[in-house]
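**Q** below is the sequence, then the predicted model.
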Amino acid sequence: MNNSGPRYKRSQLEKRLNTDVLWCVALLIVMCLTASVGHGLWLNNFKDAGFQVDGETSPALAGFYVFWTMIIVLQVLIPISLYVSIEIVKLGQIYFIHNDLDFYNEQQDSRIQCRALNITEDLGQIQFLFSDKTGTLTENKMVFCRCSIYGVEYPHVENARRLQVYEAEQNEAAGRTVTLKSACSGKSLSCRSLSCNHSSVSLHTLTAESLEEDQLSGHAAVRTGAFCSRMAKDVVPDPELVRKLSCLSSSALHLKGSSSASLSGLELTYITDFFLALAICNSVVVSSPSQPRHMVPEARAPLKSLEEMKLMFQRLSFYSFSPLQIKGSPRSFTSKLFTRGKTSSFTFNTPPNNSTDGSDPALECSQDTCKLKTKVDLPDRGDREDSAAMSSGEDLESLMEIKADGVKQNLEGMGGDEESEEDIDDELLYEAESPDEAALVHAARAYHCTLRGRSAESLLVDLPGIGSLVVQLLHILPFDSNRKRMSVVVRHPVTGQVVVYTKGADSVIMDLAETQKGSEQAQEIYSHIREQTQKHLDTYAREGLRTLCIAKKVLEEEEYEVWLKRQLLAESSIENQEELLLDSAQRLETDLTLLGCTGIVDRLQEDVPETIEALQEAGVKVWILTGDKQETAINIANACKLLRSSDRLLSANCGSRDACGALLEELLSEVQHEEEREESSLDSTSSFILVIDGRTLEWALQEELKGSFLELSCKCKAVICCRSTPLQKSKVVQLIRDKIGVMTLAVGDGANDVSMIQVADVGIGISGQEGMQAVMSSDFAISRFKHLKKLLLVHGHWCYHRLANMILYFIYKNVMYVNLLFWYQFFCGYSGSVMINAWVLILFNLVFTSVPPLIYGILDQDTPADTLMKLPELYGASRTTKVYIPFMFWINMLDAFYQSLVCFFLPYFALAGSDAGTLSFGSPINTSALFIILLHQVIESNTLTWIHMLVLVLSAALYFGFVQLYSAFCVACSHPTNLFGVETLQITQPLFYIICTLTTVAALLPRILFRALFNSLHSSAPLRSAQRDEVAAERYRQRMKLWNLKHSGASSPQVHADNPGLEPIEDEVVS
């Protein structure tokens, strides 16, 4: 649905080359027509010519024959072999990119993958970069940080400190400490706001895999769950939340509380449902090193009897908003619950009351601080419900009076049971589809709400104070980008109710949980919960945390039966199945009860701020397209230096299409007014950053508003698209690519980025935590975002310059050599004859001059790599002053015509009036052409290595060797054109060397002068600045050297550039 399908990509250089090849074809036709017409006119001037074999051939027919003869003779003008040479050059360029050690990731044991061979040169022409956030700019290693339940925020301060200690240990173990500078300021966001809490882990802290995890031995190294790092698993619970959860274990002991108790039954219900949702609302597969997959085994006996649990949940459910669905006595409920489906085989037996001296203090709850309110918070639930609640309360109280001692013994033995099961818990491995799921399941496990097994129809879950329960799994409504949420439909193991647990983006969950049925007091409490949860969500987003909302819904049996029929019809439908399933899920996920929200930290990757800063200096506009909240995206943009303190934010959040159009016009006029003010005041220090949400973006991409959005976004330094779907991402990239005509690059790491990657001119996938979908759909695959810096600034720059210069050189070479044959036609009656040996003519482009262009295109470096990395401006300068443009093409064509004229007519006038034959005349011309073409490459080359020199020398030696051997030993190979010993005789005459030398110098002199003037007058400003800095540094070193020599007798250490702490006395420095 969100994937627009693959697209064949052609580089801009290839498109430009196709146009120039057409010009070469046109030039070939002009030459052939000239020869054809000339031959016809030449024959027309002769009457009864004796050299004609067939005297009846008319001049027009002879000219027609000559036309096709010249097509064969001058066919080299069409650079068919150039396409083969380009593929070889690209293969060599990709080889060097693939073997660059800077792209190697030691942790993943992976390096860059070049999956597309035809667009390497486009890496050097990027103008817009579209990046995903999660997993692209960040680590995508989610760690549970904090949560909010029932409108109460739990900061998990100790957990944040644990993260700091863990990362400090990691940095120390790795032998390095990495700190990423922040662009925070008072005007935008403070650096403190980037942390989970005042003592929490910073967004900028670099994560590193622990050495223990890297050095796992045995089967543990093989069986590691997805996203199961130690940092994610070792969640330190919040003490206040632990205290409240422990009341679930001892709530049955203290039901006769006072109205002043600190914990209500409703809040405890929310907490229980919250962690139960974290444990089961997912697709996590449970495994262990010894067992590939944990199914749902026969359940162990819980710590409480089923009747006790039923009465306790009845008591807690009395305060919930959803009406109870349990009818009948506990025994009838038990028989009803365990006669459903697969759960009929599970039986619960009350364990013997074994007393234990040691008890877990974390799970004990004092009578003063952990009493359940007996006062009814939500009245008016109906006479039937009131009587049921009263009777259930009375039954529970009487039951507890009888079983108090036995239950106490069970609870006291709970600590020992958990201690015996701790090793088993530690061996559990959770294999999740996303790191978010794994982080939430580990968080639930930290509070002893543990997912132990999964089958197709049931889940095995441990609840604190209760034990193992089998939860019947009715349906799973998986996450999709339209709904932005996931739901599971289960039958509660104790109450028997059909419950829907939902987790998803706050933008949709908060809308689905807006209203709540019930009394006025219930609505007031729920409104307070929503208000407080929204405040906590905004706080989490400002701190850069990923937020998720958790909600539930209790279904009536009749309501569930009606929905089930619609769901089964959608699942069995052949046509429009996706639409029917979506509609069915949306009908179910309404009128939700908001339970709380979570905040998960996802740290920034290393060197992301430096990479984005370098790309912006290179003239590349960076856009962030993410599905996260607006505050989270702004925080990340601030952390990665995309947003600076001097930048002005333009927010576009609209509720309707008309409001969107008006807002875009208003923002556009504001930007234009600011530009006019800056032009008049010559002050351009501030820039604009556009932040637009998904709903507004949907309207902005419509045909009527597309122009305004495009104009506004182009005037901004960067654009941040929040809450955007995969389809919206691809539409944004396509809009910029097609309407502006710029080179675009998209980078992402997940399946939701595939469409964007395929639409962009260059798609880059990051092999991260979310599978290989992005990598398989990309043109290049890297492991870290920081690799983009060298990939674009160095290899992209090199690939474009190498290939562009090689194409121009190849076309020049062919045109120059073909023109020699064309000029000869004016002296042979346009007959299509040649003055060069046929085999030499064939092998000249095929062998003698074929390898030097390949080496030129693979190894040439116009600027060293370290200079390109230090001066990103060179990337933008080379992109604006392109090498391969129509102007440079025609300049090379004119140069080729000039050199061919010199190469042909200088030997012609030198041998005029002599008895030199055809091959004697063509030998110095062909030799001079070889030297001119080879030395022309030397002039154009920016780098000359021993490989270049070896190839040039071997090309010349191969030519002379073949010509001499062919002339000396092949007496009648192609008689009479190849006369015996002509080439051997030529090399013994001084005139041959004089002609070759003068011809070569005269032909190359204009090119040498042009290059000298061009490099002197048009050198890049960044390069000149770098050269000045280098000269200044060299002068400083010389001054320090002279100062050290002057004071060599002193006992103090020498002063030099490597000793920044030592400075000479100012009056003693030799200036």
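**A** That came in fine, so what should we check first?
**Q** partner residues bridging the residue nearest to Ala652 when sequence neighbours are not counted?
**A** Nearest-residue entry for Ala652: Ile692, 4.1 Å, with adjacent residues in sequence omitted and distances by CB to CB, 6 or more residues apart in numbering. Using the backbone N, CA and C atoms, a C-beta is placed for each residue, glycine as well. Bridge pairing for Ile692 (DSSP bridges) gives the partners Ala652, Cys721.
**Q** and for Ile692, the neighbour number?
**A** Here the number of neighbours of Ile692 (other CB atoms under 10 Å) works out to 29.
**Q** what about it, distance to Glu578?
**A** Taking CB to CB, to the nearest Å as the measure, Ile692 falls 28 Å from Glu578.
**Q** what's the answer for Gly627, then?
**A** Using CB to CB, one obtains 20 Å as the distance from Gly627 to Glu578.
**Q** who has more neighbours, these two?
**A** More crowded of Gly627 and Glu578, by other CB under 10 Å: Gly627, with 23 against 12.
**Q** can you pull the contacts of the more buried one?
**A** Thr134, Ser481, Lys484, Ala505, Gly694, Cys722, Arg723, Ser724, Thr725, Asn752 (CB atoms under 8 Å, 6 or more residues apart in numbering).
**Q** pipe those into TSV and attach neighbour count and pLDDT per row.
**A** Below are the contacts of Gly627 laid out as TSV (neighbours: other CB atoms under 10 Å; pLDDT from 0 to 100):
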residue	neighbour count	pLDDT
Thr134	27	83
Ser481	16	76
Lys484	17	86
Ala505	20	88
Gly694	18	89
Cys722	28	90
Arg723	23	87
Ser724	27	89
Thr725	21	89
Asn752	24	86
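**Q** farthest pair in these?
**A** The most widely separated members of the contacts of Gly627 are Thr134 and Gly694, with 15.2 Å between them, by CB to CB.
**Q** now Asp109: phi and psi?
**A** phi 50, psi 50 (degrees, to the nearest 10).
**Q** whoops, Ser481 was the one
**A** Main-chain torsions, Ser481, degrees, to the nearest 10: phi -70, psi -20.
**Q** quick check: closest non-adjacent residue to it.
**A** Thr725 (4.8 Å).
**Q** so that neighbour sits against Asn482, correct?
**A** Yes. Using CB atoms under 8 Å, Thr725 is in contact with Asn482, at 7.1 Å.
**Q** at the geometric centre of the protein, which residue do we find?
**A** Geometric centre of the chain, nearest residue: Gly748, 2.6 Å, by CA atoms, centre = their mean.
**Q** that one and Gly768 touch, don't they?
**A** No. Between Gly748 and Gly768 there is no contact under CB under 8 Å: 9.4 Å.
**Q** any shared contact partners between those two?
**A** Common neighbours of Gly748 and Gly768 (CB under 8 Å, 6+ apart) are Gly135, Thr136.
**Q** what distance separates the helix ranked longest in the chain from the centre of its chain?
**A** Secondary structure of the chain per DSSP state H: the longest helix is helix 12-44. Offset of helix 12-44 from its chain centre (CA atoms, centre = their mean, to the nearest Å): 46 Å.
**Q** packing partners for the one helix or strand Ile925 maps to?
**A** Per DSSP states H and E, Ile925 falls inside helix 918-940. Here helix 918-940 touches helix 797-824, helix 851-859, helix 886-910, helix 946-969, helix 982-986, helix 990-1017, going by 3 or more CB pairs under 8 Å, 6 or more residues apart in numbering; DSSP states H and E.
**Q** ok, for Asp20, nearest residue in space, not its chain neighbours?
**A** Phe889 (5.5 Å).
**Q** hmm, Phe810 and that neighbour touching each other?
**A** No. With contact defined as CB under 8 Å, Phe889 does not count as touching Phe810 (11.7 Å).
**Q** those two: which is more packed in?
**A** With neighbours defined as other CB under 10 Å, Phe889 and Phe810 compare such that Phe810 has more, 25 against 20.
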